[in-house]
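# Provided below for reference: sequence and predicted model.
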Amino acid sequence: MFVTFEGPEGSGKSTAMRAVAKELRAQGREVVETREPGGGKTGAAVREILLHGEDISRLTETFLFLADRSNNVKSIIKPALESGAVVLCDRHADSTVVYQGHARGMDLDTLRSLNSTATDGLKPDLTILIDLSPEVGLARIESKDRLDAEPIEFHQMVRQGFLDEAAREPGRWHIISGDQEPEEVAAECLKAVTDRL
Ligand code: TMP
């Protein structure tokens, strides 16, 4: 099963994902954790450019996210799914539609089509959206990267973009409030995953 975790900055998705992985392993399941950008060694190099590079246009940014995704799917996600593991991915294709589409203004259908090429048609079985207002999320972040540093209006479009994407495909998405204790967020995520297993 392929599960992706999405949400605005500071939503707590990475912490929740780690807790879910730990619990599933304790239940005896094989779990592979990855993230985008940044899966594997190549991904780590691309992540560094994306989060800390300078003079990056939105098209360059888009292609770098897609390049990282293509590599992550081919080298980590697909082999893990083929071996029967549960794959948990911290951000994936929906982040491109939301950040580069809803927030940066690139055409949504073009991004969906590019995503489909990058993932070779793979779609998550479940996408958990940890929803949170940008004011609360950004206040949780200690050192801001290139995207965190965008104005608040950008982050408001990101939040709304995720909610719009979730409404398009309600069967795939599960929305959880990030405005609660990390243990509560993790418990809700675990329930959403185990209900689908
Ligand atoms: P993270 O720090 O939550 O892992 O995400 C890295 C940043 O990259 C975050 O600001 C969201 C952004 N991002 C995009 O803009 N497009 C994408 O396709 C992905 C995967 C992330």
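Thanks, I have it. Just so you know, these numbers come straight off a predicted model, no measurement behind them.

# could you look up the SS state of Lys22?
helix (DSSP: H, G, I helix; E, B strand; the rest coil).

# what does the model give it for pLDDT?
On pLDDT, Lys22 comes in at 98.

# per-residue pLDDT, Lys41?
88.

# tell me which element it falls in.
Assigned by DSSP states H and E, Lys41 belongs to helix 40-52.

# name the residues of that helix that are buried.
Gly40, Gly43, Val46, Arg47, Ile49, Leu50 (16 or more other CB atoms under 10 Å). Yep, even glycine has a C-beta here, placed from its N, CA and C like the rest.

# touching the ligand at all, whichever helix or strand comes after it?
Sequence-wise, the next helix or strand downstream of helix 40-52 (DSSP H and E) is helix 58-72. Yes: against the ligand, helix 58-72 shows contacts by CB under 6 Å from any ligand atom at Phe65.

# which parts of the chain sit against the ligand?
Contact residues, the chain versus the ligand (CB under 6 Å from any ligand atom): Glu9, Arg35, Glu36, Pro37, Phe65, Asp90, Arg91, Ser95, Thr96, Tyr99, Gln100, Leu147.

# returning to what we had before: closest one of the buried residues of helix 40-52 to the ligand?
Proximity of the buried residues of helix 40-52 to the ligand (CB to the nearest ligand atom) peaks at Leu50, which lies at 6.3 Å.

# look at the residue of the chain most remote from its centre and tell me its secondary structure.
Distance from the centre of the chain peaks at Gly28, with 24.9 Å (CA atoms, centre = their mean). Following three-state DSSP, we place Gly28 in the coil state.

# I'd like the residues of the chain next to the ligand as CSV, with distance to Ser177 and pLDDT appended.
CSV is the format used below for the residues of the chain next to the ligand (distance: CB to CB, whole Å; pLDDT from 0 to 100):
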residue, distance to Ser177, pLDDT
Glu9, 16, 95
Arg35, 22, 98
Glu36, 23, 98
Pro37, 26, 97
Phe65, 27, 98
Asp90, 18, 98
Arg91, 19, 98
Ser95, 19, 98
Thr96, 24, 98
Tyr99, 21, 98
Gln100, 26, 98
Leu147, 23, 93
